[in-house]
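1. could you work out the structure for the sequence below:
(2 chains)
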Amino acid sequence: AQSVTQLGSHVSVSEGALVLLRCNYSSSVPPYLFWYVQYPNQGLQLLLKYTTGATLVKGINGFEAEFKKSETSFHLTKPSAHMSDAAEYFCAVRYSSASKIIFGSGTRLSIRP
Amino acid sequence: DGGITQSPKYLFRKEGQNVTLSCEQNLNHDAMYWYRQDPGQGLRLIYYSQIVNDFQKGDIAEGYSVSREKKESFPLTVTSAQKNPTAFYLCASSIDRGAGGDEQFFGPGTRLTVL
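-> Predicted coordinates:
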């Protein structure tokens, strides 16, 4: 079955350190890929998305993600973590224009002072 | 400002009662969605609608009902048949032009607690 996997339900990094949140999808055909952020008791906000073209996608708040077809991955990174980055992050995949978006189970990012 | 509004933000229900969660959007989007969020489980699709007067069941539709009489509105009713309704409910919308890259826009959510 088509799915999306986020490795690590909880990631903790120090302020100023690299943030790396992992996302893998399960199709040999490049899908449409999304990263969303959710702050406590709020809705989801789009960080970035990949549809076609450049494989390195830049988003809001200094985040970026790279689509790697050979690894079926779309990992989210940020060079230097800020305290305000503490939130839950969801990777989402849409395998075709006719299919529904599938959300990963989420990764909670904590930032240590 | 364009966006999606959900009301109420917090809702308390006694067992056996039906409750209706409101979702309104002024983005002129055709598609609207309802998700349920439980801790550690991500988002699960309850119902979705791609056009007025039409809607489809998602993965966990049992115990829920919806209507789509207007493009802007997609209310969700949690019925007494839903055995474990305590959760965070999110409404979303998208343009749905048939392009797979159209993202969904989310409302702020309603937290439902059954007493």
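2. please count neighbours and contacts with C-alpha atoms only from this point.
-> OK.
3. from residue A:39, how far off is the residue nearest the centre of chain B?
-> Closest residue to the average C-alpha location of chain B: residue B:34 at 2.6 Å, with Cα atoms, centre = their mean. Distance, residue B:34 to residue A:39, using Cα to Cα, to the nearest Å: 19 Å.
4. related to what we said a few turns ago, wait, does the helix or strand encompassing the residue nearest to the centre of chain B contact chain A?
-> Per DSSP states H and E, residue B:34 falls inside strand B:31-37. No - for a cut-off given as Cα under 8 Å from any Cα of the partner chain, strand B:31-37 has no contacts with chain A; the smallest distance is 9.8 Å.
5. beta partners for residue A:109?
-> residue A:11, residue A:87 (DSSP bridges).
6. what about it, how many neighbours?
-> 20 (other Cα atoms under 10 Å in any protein chain shown).
7. surely it meets residue A:83?
-> No - Residue A:109 lies out of contact with residue A:83 (Cα atoms under 8 Å); the separation is 10.0 Å.
8. isn't residue B:17 up against residue B:79?
-> Yes - assessed by Cα under 8 Å, residue B:17 is found in contact with residue B:79 at 6.8 Å.
9. looking at the two, which has the bigger crowd around it?
-> Ranked by neighbour count (other Cα under 10 Å), residue B:17 and residue B:79 place residue B:79 first, with 18 against 11.
10. contacting residues for that one?
-> Counting by Cα atoms under 8 Å, 6 or more residues apart in numbering or on different chains, residue B:79 touches B:16-19, B:63-65.
11. among those residues, which ones are in strands?
-> When DSSP state E is applied, the contacts of residue B:79 are split such that B:19, B:64-65 fall in strands.
12. most neighbours among those residues, please name it.
-> Most neighbours among the ones in strands among the contacts of residue B:79, by other Cα under 10 Å: residue B:64, with 20 neighbours.
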